[in-house]
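Trainee: I'd like to go over a predicted model; first the sequence, then the structure.
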Amino acid sequence: MVVIGFAAAFALYAWLPRNMPTPRMKLIHEARSLGSTQVILAMLISVVVSASLFGVFTYITPILENVTLISPHAVTLMLLLFGIGLTAGNFLGGWLGDWKLMPSVIGTLALLIPVLSLFTLTSASLVPAGVTIFCWGLLAFALISPLQMRVVKEAAAGRPTSPRPSIRVHSTSANAAGAWIGGLALTNGLAIASCRGSAWLWPLSRSR
């Protein structure tokens, strides 16, 4: 990973244009973009998507080990499969955002919701769980580029500066909120290990 990071940094240094315009940023102008209804709606979608992702992904290892009943080594392979899906999703999301922005967001969300719902069924077996995890990563990360493009487009409307805070201000809090909500659910009774062989009951099961 370190080698890849150095390679990426070198590529940016070598090929990014040196004469790119960098207008002076004024924080008050950047913050005003947060007052746009369209910016807030796009950010809220991004928050919910990120929270749903990390609400499950934070606990994916105990789910796979106790519900799917696979070894820690197999969990690593499943996470690799998820990574392949999210990498493909990044490319797909960029292409979809350039093609048709809002139809792509709506269509991807319409597919992501049933995929996450199906995981309560498919998590009981190795192959269905792997297919679902791959599709989950693909769709979740295919949303990122179009949503960010939507935020940038709305926040930059009529403003000469780039809306940098508008893109970043919500991401970390959404990730933390998703993990916290997932942990809160488990702490207050939702079970993982008690669902062996009946993963479809996972959202309804109670720890014993």
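Mentor: Sure thing, it's come through.

Trainee: quick one, what contacts Val49?
Mentor: With contacts taken as C-beta atoms under 8 Å, 6 or more residues apart in numbering, Val49 has the following neighbours: Leu109, Leu112, Ala140, Leu143, Leu147, Ala174. For the C-beta atoms, the positions are set from N, CA and C on the backbone; glycine is no exception.

Trainee: Also Leu126?
Mentor: Thr68, Ile70, Ala74.

Trainee: follow-up on the earlier one: now which of the contacts of Val49 would you call buried?
Mentor: Those of the contacts of Val49 that meet the buried threshold are Leu112, Ala140, Leu143, Leu147, Ala174, by 16 or more other C-beta atoms under 10 Å.

Trainee: Would you tell me what the next helix or strand after the lowest-mean-pLDDT helix or strand in the chain is?
Mentor: Least confident helix or strand, the chain: helix 164-168 with a mean of 53, by mean pLDDT, DSSP states H and E. From helix 164-168 onward toward the C-terminus, using DSSP states H and E, the following helix or strand is helix 171-187.

Trainee: pLDDT of the longest helix seen in the chain, averaged?
Mentor: The longest helix of the chain (DSSP state H) is helix 72-99. What helix 72-99 shows for mean pLDDT is 93.

Trainee: counting contacts, what elements does it pack onto?
Mentor: Using 3 or more C-beta pairs under 8 Å, 6 or more residues apart in numbering; DSSP states H and E as the contact definition, the elements that helix 72-99 packs against are helix 60-66, helix 101-122, helix 126-142, helix 144-155.

Trainee: For Phe82, which of those helices is the nearest?
Mentor: Across the helices and strands packed on helix 72-99, the minimum distance to Phe82, taken as C-beta to C-beta, is reached by helix 126-142, at 4.3 Å.

Trainee: That closest one versus helix 72-99: what angle between them?
Mentor: For helix 126-142 against helix 72-99, the angle by axes from the mean of the first three to the mean of the last three C-alpha atoms, to 10 degrees is 40 degrees.

Trainee: where's helix 126-142 relative to the chain centroid, distance-wise?
Mentor: On the basis of C-alpha atoms, centre = their mean, to the nearest Å, helix 126-142 sits 12 Å off its chain's mean C-alpha point.

Trainee: Report the angle between it and helix 101-122.
Mentor: Using the same axes, to 10 degrees, helix 126-142 lies at 160 degrees relative to helix 101-122.
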